[in-house]
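1. predicted structure and sequence below. I'll ask about it afterward.
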Amino acid sequence: MISRVLVVCEGNICRSPLACALLTRELPDIAFTSAGTHARTGEGADPLIAEIASARGVDLAAHTASQVTGERVRDADLILTMTKAQREQIETAWPFARGKVYRLTEHEGVDVVDPYRRHRAAFELAFAQIEHGVAHWRGVLAGLTH
């Protein structure tokens, strides 16, 4: 049974906090947390992703960036990354994680674009990609928890 999911991106201020919030809203019986491979520890969500999320009813105001650790990887039943490189980085650093690390958009075979320090269009694209990934995993996880 999947009860703890870790969502990972690079800085933990754009993509993974958004995906975590959307997944939490869709699947409230699962504990979702987020972290970064190179987290901007202690920072809140990027203001632009927070604005875009807020306009769609998702509140990122309480988010604080944190780093991926071996303990967090061990405690997670499933780890969802934004890119293939992040998945590989986690599996290399913590080989015991192999088999429970997937890209959020693995089913589409693409990485979620990193919008950090880019134009609003990149944030909108990342939001759309994350929504698609969340919709996919909602179905997968709902089937595993019931």
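-> On my side now, so go ahead. Because the structure is a prediction, the values reported are computed rather than measured.

2. where does pLDDT dip in the protein?
-> Across the chain, the stretches falling below the confidence threshold (pLDDT under 70) are 144-146.

3. buried set for the longest helix along it?
-> If each helix of the chain is counted by residues according to DSSP state H, the longest one is helix 120-145. Along helix 120-145, these residues count as buried under the neighbour rule (16 or more other CB atoms under 10 Å): A122, F123, A126, F127, Q129, I130, H132, G133, V134, W137, L141. C-beta: built from backbone N, CA, C; applies to glycine.

4. repeat that for stretch 78-92.
-> Within stretch 78-92, the residues scored as buried using 16+ other CB under 10 Å are L78, I79, L80, T81, M82, T83, Q86, R87, Q89, I90, E91.

5. tell me the SS of the residue nearest to the first one when sequence neighbours are not counted?
-> Read that as L78. Of all residues not flanking L78 in the chain, V5 sits nearest, at 4.7 Å (CB to CB, 6 or more residues apart in numbering). V5 falls in the strand class when you classify it by DSSP: H, G, I helix; E, B strand; the rest coil.

6. make 15 the starting number, not 1.
-> I'll keep to 15 as the first residue from here, and by that count the last item is V19.

7. my guess is I27 meets P61, correct?
-> No: with contact defined as CB atoms under 8 Å, I27 and P61 do not form a contacting pair (9.6 Å).

8. alright, I will stop here.
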